[in-house]
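# My questions concern the predicted model and sequence given below.
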Amino acid sequence: MSATVINGKDLAQELRNNMKEEVSELKEKGIIPHLTVILVGDNPASKSYVNGKKKASEETGIVSDIIELPVSTTEEELLNLIKELNQDVSVHGILVQLPLPEHIKEEHIIETIIPSKDVDGFHPINIGRMMTGNDSLLPCTPYGIVTMLKSRNITIQGKHAVVIGRSNIVGKPVGQLLLNENATVTYCHSKTRNLKEHTTRADILIVAIGIPNVINRDHLKQDAVVIDVGINRTDNGSLTGDVDFESAKSKASYITPVPRGVGPMTIAMLLKNTIKAAKGLSIN
Ligand SMILES: NC(=O)C1=CN([C@@H]2O[C@H](COP(=O)(O)OP(=O)(O)OC[C@H]3O[C@@H](n4cnc5c(N)ncnc54)[C@H](OP(=O)(O)O)[C@@H]3O)[C@@H](O)[C@H]2O)C=CC1
Ligand SMILES: Nc1nc(=O)c2c([nH]1)NC[C@@H]1CN(c3ccc(C(=O)N[C@@H](CCC(=O)O)C(=O)O)cc3)C=[N+]21
C-alpha cells in the first residue's frame, strides 16, 4: 500500500478559482481587496515567495503591491510605514515578510500592524483570539494545513496529532488549531527525548523542523497522515521537505509533497484572509 498524495497546488488553485467570484462580488460593491507586502533587504528566497504571493493575488483579482526597502532601513522607518498603511483605508492587508534584518525587532513590527489588517495572523490579538476559539485572522500555514485535512474528509476529532516544531508561525499555532478541532495534541521540539516514541503514536503527524528528510517510515505509525511543512533548498537548487517522501509514502495513508504541498496552501490562505479583511469581518 502506498499513501494518497494531497496535492496542495491543485487544491490552492481550486480555492483561488472560488475566490475570484468572491472578489468580483466585492468589486461590484466598490471594495477592491488590496494586500501590501513589505520586503526588507534582498534575501533571494524571500523575493521569490513575495513574487509568488503577488502572482496568486492578481490571479484572483486582489490588488497586491510590494514595497521593497533596503537592508539599512531602521526599525523606526518601518514602524512609520506600517502606521501609514494602518491608516490607509484602501489597504486591507499588511504583510511584512520574515525574517527581518537583525537590527529590527520582529515583535515590535508584528505588534504595530493593526490586528484587522494582520493577514499573516501573527499579532498577539489574533493569536489570543485563536486560542480562545474566537473569530480571528488565522495564521496562514496552520489554516492551510487544516484546510488540506478537511478537503480529504480526514477526521481530526479524537485523533492524536503530533506536531514537530514549536515556532510562533507554524508549530505552536498548528497545534492550537488542531486542538480547536478536538484532536489530542503533542508537541515535540529539539529538546524532546526519544522523538520516535512520540511520532509513532501519531494518527496525524505535522513536521515543521527545517531539516531535509529527517523523518522517515521508522518514525510513523502504520497509516498515519503526514503533513510536511519543511521547505529546504538542496545543493542543486531544488526544494525538499523535512520528510523522506518515498520512505514515508510506503507507510502513511495520506502525505503532502514538497514542493506542491503546504506552501501553495499558505498563499491561498493569505488571499482568503485578505478577502476577509476587505469585507471588514474581523472586529478590531
Ligand atoms: N510551507 C510553508 O508555507 C512554510 C514553510 N516553512 C518551513 O517550515 C520549516 C519550519 O519553519 P519554522 O517553524 O519557521 O522554523 P523554526 O526554525 O522557527 O522552528 C523549527 C522548530 O523545529 C524544532 N527542531 C529543530 N531541530 C529539531 C530536531 N532535530 N528534532 C525535533 N525538533 C527540532 C525547533 O525546536 P526548538 O524550538 O527547541 O529550537 C523549532 O521548534 C522550515 O523548513 C521553513 O522553511 C515555514 C513557514 C511556512
Ligand atoms: N510574514 C511572512 N509570512 C509568511 O507566510 C512567510 C514569511 N513571512 N516568510 C517565509 C515563510 C515561507 N513561506 C512560504 C510560502 C509559500 C511557499 C510556496 O508556495 N512554495 C512552493 C514552491 C515555491 C518555489 O518553487 O520556490 C511549494 O512548496 O510548492 C513556500 C514558503 C511563507 N512564509
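Good, I have the coordinates. This one's a predicted model, so the numbers in the text were calculated from it and none came from an experiment. Residues are numbered from 1 along each chain as shown. Ligands and ions are numbered 1, 2, ... in the order given.

# So the residue nearest the centre of the chain versus ligand 1, what's the distance?
Nearest to the geometric centre of the chain sits T141, at 1.8 Å (C-alpha atoms, centre = their mean). Distance, T141 to ligand 1, by C-beta to the nearest ligand atom, to the nearest Å: 4 Å. The way it works is simple: take the backbone N, C-alpha and C, and place the C-beta from them, glycine included.

# Likewise for R193?
11 Å.

# That residue: what secondary structure?
Of the three states, R193 takes coil according to DSSP: H, G, I helix; E, B strand; the rest coil.

# Can you get me a residue count around it?
For R193, the count of nearby residues is 7 (other C-beta atoms under 10 Å).

# still on that earlier bit, spit out the contact partners of the residue nearest to the centre of the chain.
Residues near T141 by C-beta atoms under 8 Å, 6 or more residues apart in numbering: I169, V170, P173, V174, A208, V229, V262, M265, T266, M269.

# and what of L239?
Counting by C-beta under 8 Å, 6+ apart, L239 touches I231, N232, R233, V258, P259.

# hey, what's it bridged with?
Note on L239: beta-bridge partners by DSSP bridges are R233.

# from now on call the first residue 281
Fine by me, first position is 281 from now on; the one you just mentioned is L519.

# Check which helices and strands the biggest helix by length in the chain sits against.
With secondary structure taken from DSSP state H, the chain has its longest helix at helix 288-308. Under the contact criterion of 3 or more C-beta pairs under 8 Å, 6 or more residues apart in numbering; DSSP states H and E, helix 288-308 touches helix 324-340, helix 420-431, helix 542-559.

# count of neighbours near the residue of the stretch 431-564 of the chain at minimum distance from ligand 2?
Closest residue of the stretch 431-564 of the chain to ligand 2, C-beta to the nearest ligand atom: G543 (2.5 Å). Counted with other C-beta under 10 Å, residues neighbouring G543 total 24.
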